[in-house]
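Undergrad: Next one to model:
(one chain, ligands or ions: 1)
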Amino acid sequence: MRYSSSFGPVFLHGLCRILPPVFAVGLLPVVLGWGGGHDPLNEWAVSVFPEPVLAAVPETARAGIVRFSHAPDDFTPWEKQTRITIHPDDLAWLEAHGLKHPYSLHSPRGQAANFILLVRAFRAESPDRIAYWSACLLHTFADEAACNHDPILHVVTYAFREGYKLDMGPAGVLDFAQVSNSAEDREAIRAMLADYAPAPLAEDPQEALVQVMLLGLAANEYMTQRGARIARTFARSASAAAVADGRRALAELGVHAIRTGVDAIATARLLADRGTIPELTPAVEREFERRSQVFLARRPLASDAVFEGLLEPFGDGPAVGVLVEPSRSMDKAYLGFGSKLLSAAIMRSLRGAGISCRLVDIREPEFPAPERMPVAVVCAGGFHHPPTVERLRRYAGQGGRILLIGGEHRGVLGELSECLGKPADARLPVTPKYGQNNADYIADLRVHFTGGLEDSLGSEPCAFLRNPDTKAGWQKPRCDYVLTGENPHVQVLARLRDGERELDIAGLLTNPQGQTIGAFLPEYLLAPYLLTDSPPLDDPSRLELDRVGCTVLLHALGRMLPRP
Ligand SMILES: [Zn+2]
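TA: Below is the predicted model of the structure:
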């Protein structure tokens, strides 16, 4: 599987609906991109097929493009498919290229393979094969732009709605099927497609293949640019105009998938007519990798609408730096997938408290010096970014202070890192396993604030109002670390009580001069709406920390920021 989570266990791409058991493989909980939206998406695609493609797929075969719109969400080996018999030539080709089941078509390499099989199907003048491989290609392209892969909407979907059951605005939309049903919706989509003329991706077969592989990166950027507009449809205070705009943004995602999918299908037809069948060579894969790196290096933070309104530094003078990264594709992230939204919420809470702050793109070659950025806030997640680890070490060496929300810590907290460990038998609020949650013990856990936090949060232990260990989603606020080592310079801020057992879960590190130079906070203490409902969520596109998270953050920062 290419979609590894930031921590290691395999997470499959996005999800509106958990697959029925017939699709499941082993214990993997498979989750999908669009839900019912794949059907209208493929229907619309057929409606804008150019003449040469239509000529190759007679009316009777076109239904297959919709019938197989969900085909790639399936781990059943090709040779055991029951709804279709894969042609022996295609079976042999798939086997030769190591693609074992329809789900493998989701990766860029799988999309390239899918494209080649489509060219071969046109070449063989086989309408059923053309319909099947077109359906699959349209599906995986659409998944790349499915809005539940957006940093805000993913959390809305799997945490706020399905997991926490928060009271959200009734007009919220997530699936293309919700914005393509009514006559008015259909008219809007028709208008969006009115000027569309299918265009080949490239004349050269190998270049076309590279283009097919790159489409997912572009689709992800197109999608995350629209995340906030769609998220606003879930605001309880959303105006009719905001809801209409969000619905339009969601429809645009579908239309984007239709356009790119049909362009690719038209290209396959063109190449087949010319007898130029692309080959999936190491050179193609290398070129895709090279151009991916160029694309991602250039992708602006502004393309992630989760950072809307936060790109400009806030306040004067030295500013707290909040480290962030751009989205790439699906759940790929150097920090945590959930870090983008949590970092945005932190920025809003800092601004609300009047604290000078700025986003710091982890791609910046060097972080600002401590004189300009006295504290760096890192929502670390899996923390798979050695350059950031190195920069933070240098920054700390220069006197910079690090507030790390873990996740992993990679030793950047010095003595505080040395105190962190993973007790094997601890029952923690978030489990590493996907789809297997802690429902049997989360109600037993209590968080006890200390180290001065009890003054503002009370000394009564807090229960989790909601289970952070959602059954699905890439956003789980996982932290496996607790403070296990003894160090007189570490002050504990919170303890986790599990019956008689007590674990120190958050702490500050003080240097011999009495200055607080580091903080470790588990992500589940800051992730909103786990320990309190206050203040209630209105607009998820402008998420802030809740009262508990904000208090913990500001308490730690208050100790770390140099006194004027
Ligand atoms: Zn899919």
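Undergrad: neighbours around the residue of the stretch 201-350 of the chain found nearest the ion, how many?
TA: Relative to the ion, the nearest point of the stretch 201-350 of the chain is residue 330 (10.4 Å; Cβ to the ion). All C-beta atoms are positioned from the backbone trio N, CA, C, and that covers glycine. Residue 330: 24 surrounding residues under other Cβ atoms under 10 Å.
Undergrad: Break this structure into its domains for me.
TA: Domains of the chain are assigned by automatic domain parsing as 21-299, 302-560.
Undergrad: and these as JSON lines, adding mean pLDDT?
TA: JSON lines is the format used below for these (pLDDT from 0 to 100):
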{"stretch": "domain 21-299", "mean pLDDT": "94"}
{"stretch": "domain 302-560", "mean pLDDT": "96"}
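Undergrad: so the residue of the stretch 201-350 of the chain closest to the ion sits right up against residue 151, yeah?
TA: No: using Cβ atoms under 8 Å, residue 330 makes no contact with residue 151, being 11.6 Å away.
Undergrad: Can you give me every residue that contacts residue 37?
TA: Contacts for residue 37 (Cβ atoms under 8 Å, 6 or more residues apart in numbering) come out as 16, 142, 146, 175, 176, 177, 178, 180, 254.
Undergrad: Now with 6 Å, please.
TA: Going by Cβ atoms under 6 Å, 6 or more residues apart in numbering, residue 37 touches 175, 176, 177.
Undergrad: ok, and the closest non-adjacent residue to it?
TA: In this structure, residue 37 finds its nearest non-sequential neighbour in residue 176, 3.2 Å apart by Cβ to Cβ, 6 or more residues apart in numbering.
Undergrad: from what I can see the one you found touches residue 255, true?
TA: No: Residue 176 lies out of contact with residue 255 (Cβ atoms under 6 Å); the separation is 9.1 Å.
Undergrad: Neighbour count for these two, which is higher?
TA: Per other Cβ under 10 Å, whichever of residue 176 and residue 255 has more neighbours is residue 176, with 31 against 23.
Undergrad: how far away is the more buried one from the ion?
TA: Noted for residue 176: a distance of 13 Å to the ion, by Cβ to the ion, to the nearest Å.
Undergrad: Show me the longest helix that occurs in the protein.
TA: Identified as the longest helix of the chain according to DSSP state H is helix 240-274.
Undergrad: Is it in proximity to the ion?
TA: No: Helix 240-274 stays clear of the ion (Cβ under 5 Å from the ion), getting no nearer than 11.6 Å.
Undergrad: After that helix, which helix or strand is next?
TA: helix 282-298 (DSSP states H and E).
Undergrad: Residues contacting that next one, please?
TA: For helix 282-298, using Cβ under 6 Å, 6+ apart, the contacting residues are 206, 209, 210, 213, 214, 217, 328.
Undergrad: 10 Å instead?
TA: Helix 282-298 is contacted from outside by 108-109, 112, 205-214, 216-218, 220-221, 278, 281, 325-329, 332, 363, using Cβ atoms under 10 Å, 6 or more residues apart in numbering.
Undergrad: List the buried residues of that helix.
TA: 284, 285, 287, 288, 292, 296 (16 or more other Cβ atoms under 10 Å).
Undergrad: Likewise for stretch 317-325?
TA: Neighbour count says stretch 317-325 has 318, 319, 320, 321, 322, 323, 324, 325 buried, by 16+ other Cβ under 10 Å.
Undergrad: Just the closest of those to residue 560, please.
TA: Nearest to residue 560 out of the buried residues of stretch 317-325 is residue 320 (Cβ to Cβ; 8.8 Å).
Undergrad: my read: the closest one touches residue 557, true?
TA: Yes: counting by Cβ atoms under 10 Å, residue 557 is a contact partner of residue 320 at 6.7 Å.
Undergrad: any common contacting residues for those two?
TA: Common neighbours of residue 320 and residue 557 (Cβ under 10 Å, 6+ apart) are 346, 350, 355, 357, 374, 375, 377, 401, 403.
Undergrad: Go back to these and keep what's next to the ion.
TA: Of those, not one also sits near the ion (Cβ under 5 Å from the ion).
Undergrad: Quickly name whichever of these is closest to the ion.
TA: Among the shared contacts of residue 320 and residue 557, and counting by Cβ to the ion, the member closest to the ion is residue 346, at 32.1 Å.
Undergrad: In three-state terms, label the closest residue to that closest one other than its chain neighbours for me.
TA: The shortest distance from residue 346 to any non-neighbouring residue, by Cβ to Cβ, 6+ apart, is to residue 322 (5.7 Å). Of the three states, residue 322 takes strand under DSSP: H, G, I helix; E, B strand; the rest coil.
Undergrad: And residue 322, how far from residue 494?
TA: 21 Å (Cβ to Cβ, to the nearest Å).
Undergrad: ok, residue 148 touching residue 172?
TA: No: in this structure residue 148 lies outside contact range of residue 172 using Cβ under 10 Å: 12.0 Å.
Undergrad: Quick check: neighbours shared by the two?
TA: 156, 157, 230.
Undergrad: doesn't residue 528 make contact with the first one?
TA: Read it as residue 156. No: taking contacts as Cβ under 10 Å, residue 156 lies outside contact range of residue 528: 11.7 Å.
Undergrad: Dihedrals phi and psi, residue 463?
TA: phi -90, psi 160 (degrees, to the nearest 10).
Undergrad: Same question for residue 376.
TA: phi -110, psi 130.
Undergrad: how close does it get to the ion?
TA: For residue 376 relative to the ion (Cβ to the ion), the value is 37 Å.
Undergrad: dump the residue contacts of that residue.
TA: 320-323, 360, 367-368, 370, 388, 391-392, 395-396, 400-404, 412 are the contacts of residue 376 under Cβ under 10 Å, 6+ apart.
Undergrad: List the ones among the residues you listed that fall in helices.
TA: Using DSSP H, those in helices are 388, 391, 392, 395, 396.
Undergrad: Could you work out the end-to-end span of stretch 226-236 for me?
TA: 19 Å (Cα to Cα, to the nearest Å).
Undergrad: Centre of the chain to it, how far?
TA: 16 Å (Cα atoms, centre = their mean, to the nearest Å).
Undergrad: cool, stretch 406-415 as well?
TA: With Cα atoms, centre = their mean, you get 23 Å for stretch 406-415.
Undergrad: Between the two ends of that stretch, what distance do you get?
TA: End-to-end distance of stretch 406-415: 16 Å, with Cα to Cα as the criterion.
Undergrad: in that stretch, what's buried?
TA: For stretch 406-415, by 16+ other Cβ under 10 Å, it's 406, 407, 408, 409, 410, 412, 413, 414.
Undergrad: can you name the two of those residues that are farthest apart?
TA: Farthest pair in the buried residues of stretch 406-415, by Cβ to Cβ: 407 and 414, 16.7 Å.
Undergrad: Any residues of the stretch 51-200 of the chain in contact with the ion? List them.
TA: 73, 143.
Undergrad: shared neighbours, residue 176 and residue 255?
TA: In contact with both residue 176 and residue 255: 41, 44, 145, 189, using Cβ under 10 Å, 6+ apart.
Undergrad: And for the residue nearest to residue 354 when sequence neighbours are not counted, the neighbour number?
TA: Using Cβ to Cβ, 6+ apart and skipping the chain neighbours, the partner closest in space to residue 354 is residue 315 (7.2 Å). If you count neighbours by other Cβ under 10 Å, residue 315 ends up with 14.
Undergrad: if I pick residue 315, what's in contact with it?
TA: 350, 351, 354, 355, 356, 357, 358 are the contacts of residue 315 under Cβ under 10 Å, 6+ apart.
Undergrad: quick one: the second one and residue 542 touch, right?
TA: No: contact criterion Cβ under 10 Å: residue 351 and residue 542 do not qualify, at 11.1 Å.
Undergrad: re the thing from before, list residues touching both of residue 156 and residue 528?
TA: In contact with both residue 156 and residue 528: 166, 341, 537, 540, 543, using Cβ under 10 Å, 6+ apart.
Undergrad: Give me the packing partners of the helix or strand where the second one lies, helices and strands only.
TA: Of the helices and strands defined by DSSP H and E, residue 341 is found in helix 339-352. Taking 3 or more Cβ pairs under 10 Å, 6 or more residues apart in numbering; DSSP states H and E as the contact definition, the neighbouring helices and strands of helix 339-352 are helix 151-155, helix 227-231, strand 320-324, strand 357-361, strand 375-381, strand 401-406, helix 523-526, helix 547-560.
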